[in-house]
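Participant: could you look at this predicted model? Sequence included:
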Amino acid sequence: MNAFERFVSESPVAELFGAQAILTAMLGFEAALARAQASCGLIPAEAAEVIASACKLEGFDVEAILRRSGDAGSLAIPLVQALTAKVQAVSPDAARHVHWGSTSQDVIDTALVLQTRKALRLIDEELAGLIAALLRIAEAHAATPVLARTMMQAAQVTSLGWKAIGWVSPLIRCREHLHTQARQSLALQLGGAIGTLAAYGPAAQPLARALAQSLSLHWSGCNWHTQRDEWMRLAAEIAVLTGALGKLATDLALMAQTEVGELAEPTAPGRGTSTALPHKRNPVAAMIALAAAHRAPGRVANLFAAMTAEHERGLGNWQAELAEWPGLFISAEASVRNLRLAFEGLEIHAGRMRANIGALQGLIFAEELVHCLAREMGRPKARAWVDRLCAEALDGRGSLPERLAEAAQCEPELVGPALLEQAMAVFSVERAVEPARDRVREALPGLRERHEALWAGAGDTRGVSPA
């Protein structure tokens, strides 16, 4: 990982895809394969135990294996050679059965699946925490008024709670889709040289099922050496998640701007500081999430481009996929973890939200004012009347309520006392926030139920939870 990569995607997931972790997972596959073969009568049980006992990373020269993998064209080849030598030193007979009937892609892909499952668990835990924080904000601030902005311009009054519902809803959907897709994508890879499992004869399917069960992986019934569709769907779901997190980060960053000041990330020593400006509090969590969101489309494009494998094993494209895959999960975990920390300690400045509404001098109530006046004077006339009042307010001739009151005095035949009273009620912030408050109260129970159902379903050993 280069220096610039690290500060935007530092994550424990990086260790899961490091050399030692991948080699350990590959050895785990070899141990499970040997034991499954023994259970199906394909190799002697004694040989399987010798092989399994040798499948511990201690005693392997990791750097030598990595160096030799370049010339071999595969990480599996030098590893299997080293494993065979280690077993040979204990039992020459058992050494004949190392990696028997399998191929490099079986061990590499399955190891990547095992490590991806661990990465998904970390992402899932952080995502659950972020969702819980957003649901708490939605409930606590269901009626906290804040400006809704469309096309970067002030529009109407909404509530912070309703904004939080808009942030959390796609995250719950992403978590649901990830759980579902993981059950399909986290699959055993076992096909042998060309995918036919020819070396195992009639025992092929029983062996595959036994091996999949021992590793707590899905078995689709055949290998997927060059059938990367389900695998790529998992990558796509992670990319969609990073996009949803990027939207959340964008709103956080915009609302934390100095001149807006409605939200702020929590402070910590050394976090978000500037080398030149002591007063600055840079939104680091938003920055990391946005970096992930910007990079995910390119990563997924590279992964999708690698789907064009030749015949029964890809040349270059599979290898490109292997190199690209970890980065997507590393940056996704960094994104969700930093946003979880930000929203768990989020500083909410409700007074500033109210002040920003007030600074617009009633103009954001113009649409509701048209609706109110139209009941008496018709929509065309009401719209023209309010357009003129807004123009006067924008010209610095007073707030919209002030312009309305003065216009009513000048044209009492259009706006009498009763209509004026109704029209002035339009400018109540408390009244304006009621629809958003009601939508929050309608949406929260269903979202909570779905969130809790995801926790309840976390025991699926083929999904993202611990086996």
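Facilitator: Received, thanks.

Participant: report all helices and strands that the helix or strand containing residue 287 contacts.
Facilitator: Element membership of residue 287, judged by DSSP states H and E, is helix 284-305. Helix 284-305 sits against helix 3-9, helix 229-255, helix 317-344, with contacts defined as 3 or more Cβ pairs under 8 Å, 6 or more residues apart in numbering; DSSP states H and E. Using the backbone N, CA and C atoms, a C-beta is placed for each residue, glycine as well.

Participant: mean confidence (pLDDT) on the second one, please.
Facilitator: With pLDDT averaged residue by residue, helix 229-255 scores 97.

Participant: return the set of buried residues in it.
Facilitator: Of all the residues in helix 229-255, those buried under the rule 16 or more other Cβ atoms under 10 Å are 230-232, 234-249, 251-253, 255.

Participant: distance of the most centrally placed residue in the chain from residue 251?
Facilitator: Ranked by distance to the mean C-alpha position of the chain (Cα atoms, centre = their mean), the top residue is residue 241 at 3.2 Å. To residue 251, residue 241 is 16 Å away according to Cβ to Cβ, to the nearest Å.

Participant: before we move on, what about residue 66?
Facilitator: 43 Å.

Participant: same question, residue 389
Facilitator: On the measure of Cβ to Cβ, residue 389 and residue 251 end up 31 Å apart.

Participant: only alpha carbons, please: show the helix holding residue 287 as CSV.
Facilitator: Only the C-alpha atoms of helix 284-305 are listed here, as CSV (Å, rounded to 0.1, in the frame of the first residue of the first chain):
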residue,chain,number,x,y,z
VAL,A,284,-12.0,13.7,7.5
ALA,A,285,-14.7,11.0,7.7
ALA,A,286,-16.6,12.5,4.8
MET,A,287,-13.3,12.8,2.9
ILE,A,288,-12.4,9.1,3.3
ALA,A,289,-16.0,8.1,2.3
LEU,A,290,-15.9,10.3,-0.8
ALA,A,291,-12.5,9.0,-1.8
ALA,A,292,-14.0,5.5,-1.7
ALA,A,293,-17.1,6.5,-3.6
HIS,A,294,-15.0,8.1,-6.3
ARG,A,295,-12.7,5.1,-6.7
ALA,A,296,-15.2,2.3,-6.5
PRO,A,297,-16.6,2.7,-10.1
GLY,A,298,-13.2,2.4,-11.6
ARG,A,299,-12.4,-0.6,-9.5
VAL,A,300,-15.6,-2.3,-10.5
ALA,A,301,-15.1,-1.4,-14.2
ASN,A,302,-11.7,-3.2,-14.0
LEU,A,303,-13.3,-6.2,-12.3
PHE,A,304,-16.0,-6.4,-14.9
ALA,A,305,-13.5,-6.1,-17.7
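
Participant: number of residues surrounding residue 100?
Facilitator: The burial count assigned to residue 100 is 16, neighbours taken as other Cβ atoms under 10 Å.

Participant: scratch that, residue 389 is what I was asking about
Facilitator: Count around residue 389 with other Cβ under 10 Å applied: 24.

Participant: just give the nearest non-adjacent residue to it, would you?
Facilitator: In this structure, residue 389 finds its nearest non-sequential neighbour in residue 403, 4.4 Å apart by Cβ to Cβ, 6 or more residues apart in numbering.

Participant: so which bits of stretch 5-24 are buried?
Facilitator: Neighbour-count burial for stretch 5-24 [16+ other Cβ under 10 Å]: 8, 9, 10, 11, 13, 14, 16, 17, 21, 22, 23, 24.
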